[in-house]
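need a 3D model of the sequence below.
(chains A and B)
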Amino acid sequence: MKFTWFNLMPWPYLPDDFREKNRSVWVDIPNTLYEPRKGHFVYHEYMDQLEYADALGFDGIGVNEHHQNGYGLMPSPNIIAAGLCRRTSRAALCVIGNSIALYNPPIRVAEEFAMLDVLSGGRLVAGFPVGTSMDTNFCYGQIPALTRDKYREAHELIMRAWAADEPFAFDGKYNQLRWVNCWPKPVQKPHPPIYIPGGGSIETWDFCLDHDYNYSYLSFFGYLRAKSLMDGYWDRVAKRGKDLSPYRAAFAQIICVADTDREAEKLYAEHCLYFFNRCLHVFPPFADPPGYRTINTIKYGALSQLTFEARKIFEHLTWKQLVDERFIIAGSPETVRQQLEEGIKGLRVGHLFCLFHNGNMPDWKTRHSSKLFAEKVMPHLRDLWPEWKHDERWWIHPMDDRLRPEETRPGAEKPR
Amino acid sequence: MKARVIETRRGARCRVLEGGSGAPLVFWHGAGGLFDDNPFLDQLARRYHVFAPELPGYGESTGEDLLEDMLDFTLHGWDVIAALGLRQPHLVGHSMGGMIAAEMACIAPGDLAKLALVAAAGLWIDEHPLPDIFSMLPFELANALFHDPQKGMALLTAGMDFSDMEALKTFYIANSRRLAMAGKILFPVPNRRVSKRLYRLTAPTMVLWGENDRMIPPVYATRWAELIPQAKVVRIADAGHMLPYEQPEAFVASLTDFLH
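Numbers count the residues shown, from 1 in each chain, chains lettered A, B, ... in the order given. Down below sits the predicted model:
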């Protein structure tokens, strides 16, 4: 198993009556709620935590891209990742990812990801999400019905740019470039591992399988609710005649570890409820503009996580519900280990994106939970897939002689 | 009105409602499409040979992947008219259909008789931003579309049984198909720059508006008239954005008065 410590970077100062006073945490959230001077400390605290996770032995540290979003402070995850490159040297840098249909031209992603891969000595995991409708359509103005087509073209351009050793012309529908010539190019060959975060569009499965990319189901609703969707994915993998390596798939899970189950509630309940009640308060129409999902996906019944039904659940959510229905995995190291093992095996995932910082959780609690996990849970879950132990197809291949943080600091002695 | 299916040279298959006799008149529907009952079309058919084509993605019409941008929609309009074998028809466009009709009239100004823009989309005034139809709840939609939202809601749902999950799903899928298509020319801001092409218009033009239009407020009628100096502007009382449905008699009377 590979464990990635992920931080969504929520704004921790949403008021208690946020839900009552505002219709959405995303797209049209009042930006007067953001305070730059507090934001300074928030960014550094979150980046410190990601660096701490590297020190704790997590396999990866993860960031993602959101826009106009109260629970995501990273319109540009690449800026955060660049900072992390310099202060870590071991963990994979999982940027999950850049919404490639939004970059104009998308060659920008090929360039910035290559920069990150070079800076980090080949530690980049490159995520290519289609992007949520909130980000892609409502914040960044892409036409819903054409978003997937534009995404496909952006993907083609980036992959060709990374592969080509000579300049080429690209005559796309959305991008026309006479001279495509990616400079710099990534360290990892033929390219960094590619992860496709999917919310539940069935088209994404085939896309992943066509290219042998990792399919990452990023849900906030736990492994029980993810089961039918992941079963659908694995059915598709089998039908396509691909091997069933669990490393083809990743899942995101909120995790809270304490000394006892009781202690977990005491320490983490208010922060998890902050996340579910305030951070996921999204105006439903923003989650599902006509055209964003294909008719096939609608017919398949894979509804958006943020539809009316989901919204209703959050209105009176309790800690007990969160835990009992496995939205979150919380409790003593033994409880967390048991439930995670069940979840990992049930979903057949080789990669777990672990969410330890939730809502407005203070730094010390985040570290406490992460440390307990790293020391008392992670070691017991390492070998859940013994028959795929040496499958490194979906992981980084860094340079052996890459620079370490102590060597990259100002004034450090240069290796000869 | 009878329905038939035509195929354009591009390959789109479109259902067309047809009725009446007289000078040819083509009605272009708005983003919501035609309703099951369209009394104003029946009334127009008493004096004109009325055609009401449904765009790809609407009802039984297919070929939505063939249309991607404003030029595609515009040429599709003329392709339909060619497939119907019409010469010099009147073009009447409502809302998004008005946007398409205006573009058609700009690209081939000599090929139509008269142009009627009914609560037409296609312009944008910064001081009067339009509501975002792509992020509206159902009850908000009725309120924005109709002078009388309660009656409007009944028209929108057309006797649908909301407790029937299958019916609801069918409606939801149909609505997604329609608005996905509309989004190609209306999302995120319904302005594909027809304003810079309107100088080409030569056909007599009427701008027809509901006085209580909350979707595209009447100030937009004024802007169309500024951009089309020869246009005649008519405002209809007790009507919102869906004026052909809300005030069919007044709508048809104003239209026939202009077209005759």
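
strands of the chain, start to end?
I'll assume chain A. A:2-6, A:60-63, A:92-95, A:124-127, A:168-171, A:176-180, A:194-198, A:214-217, A:249-257, A:328-331, A:351-355 (DSSP state E).

actually it's chain B I care about, not the one you picked
Counting by DSSP E, one finds strands in chain B at the ranges B:2-7, B:13-19, B:24-28, B:49-53, B:90-94, B:115-118, B:205-210, B:232-236.

ok, the nearest residue to residue A:348 once chain neighbours are set aside - contacts?
In this structure, residue A:348 finds its nearest non-sequential neighbour in residue A:246, 5.0 Å apart by CB to CB, 6 or more residues apart in numbering or on different chains. Where C-beta positions appear, they are placed from N, C-alpha and C, glycine not excepted. By CB atoms under 8 Å, 6 or more residues apart in numbering or on different chains, the contact set of residue A:246 is A:348-350, A:385, A:388.

show me the two of those that sit farthest apart.
A:349 and A:388 (11.5 Å; CB to CB).

more neighbours: which of these two?
A direct count of neighbours by other CB atoms under 10 Å in any protein chain shown for residue A:349 and residue A:388 places residue A:349 higher, at 30 against 17.

what are the buried residues along stretch A:145-152?
A:145-148, A:150-152 (16 or more other CB atoms under 10 Å in any protein chain shown).

from these, which single one is nearest chain B?
residue A:145 (4.1 Å; CB to the nearest CB).

surely that closest one meets residue B:186?
No - shown here, residue A:145 and residue B:186 do not form a contact pair, counting by CB atoms under 8 Å, at 10.9 Å.

now residue 99: closest residue in space that isn't a chain neighbour?
I'll assume chain A. Spatial nearest neighbour of residue A:99, excluding adjacent residues (CB to CB, 6+ apart): residue A:131 at 3.6 Å.

not quite, go with chain B.
Nearest non-adjacent residue to residue B:99, counting by CB to CB, 6+ apart: residue B:122, 3.6 Å away.

residue A:236 against residue A:207, yeah?
No - using CB under 8 Å, residue A:236 is not in contact with residue A:207; the gap is 10.9 Å.

ok now do residue A:381, which residues does it touch?
With contact taken as CB under 8 Å, 6+ apart, residue A:381 is in contact with A:1, A:3, A:337, A:340-341, A:344.

narrow the residues you listed to those that are buried.
Using 16+ other CB under 10 Å, the buried members of the contacts of residue A:381 are A:1, A:3, A:337, A:340, A:344.

list just the nearest of these to chain B.
Relative to chain B, the closest of the buried ones among the contacts of residue A:381 is residue A:344; by CB to the nearest CB it sits at 33.8 Å.

now do that closest one against residue A:378, distance only.
Computed with CB to CB, to the nearest Å, the distance linking residue A:344 and residue A:378 is 12 Å.

quick check: the residue of chain A nearest chain B.
residue A:291 (2.9 Å).

what does the stretch 51-200 of chain B put close to chain A?
Along the stretch 51-200 of chain B, the residues adjacent to chain A under the rule CB under 8 Å from any CB of the partner chain are B:64, B:68, B:134-137, B:172-173, B:175-184, B:187-189.

for the residue of the stretch 151-260 of chain B found nearest chain A, which non-adjacent residue is spatially closest?
Here the stretch 151-260 of chain B gets closest to chain A at one residue, residue B:180, 2.9 Å apart by CB to the nearest CB. Leaving out its chain neighbours, the residue that sits closest to residue B:180 by CB to CB, 6+ apart is residue A:291, at 2.9 Å.

just to revisit the earlier point, more neighbours: residue A:236 and residue A:207, which one.
residue A:207 (20 against 16).

that one and residue A:197 touch, don't they?
No - with contact defined as CB under 8 Å, residue A:207 does not reach residue A:197; the gap is 11.8 Å.

can you give me the helices for the stretch 151-300 of chain A?
Counting by DSSP state H, counting those that start in this stretch, the stretch 151-300 of chain A has these helices, from start to end: A:202-211, A:222-239, A:261-274, A:295-300.

sounds good, over and out.
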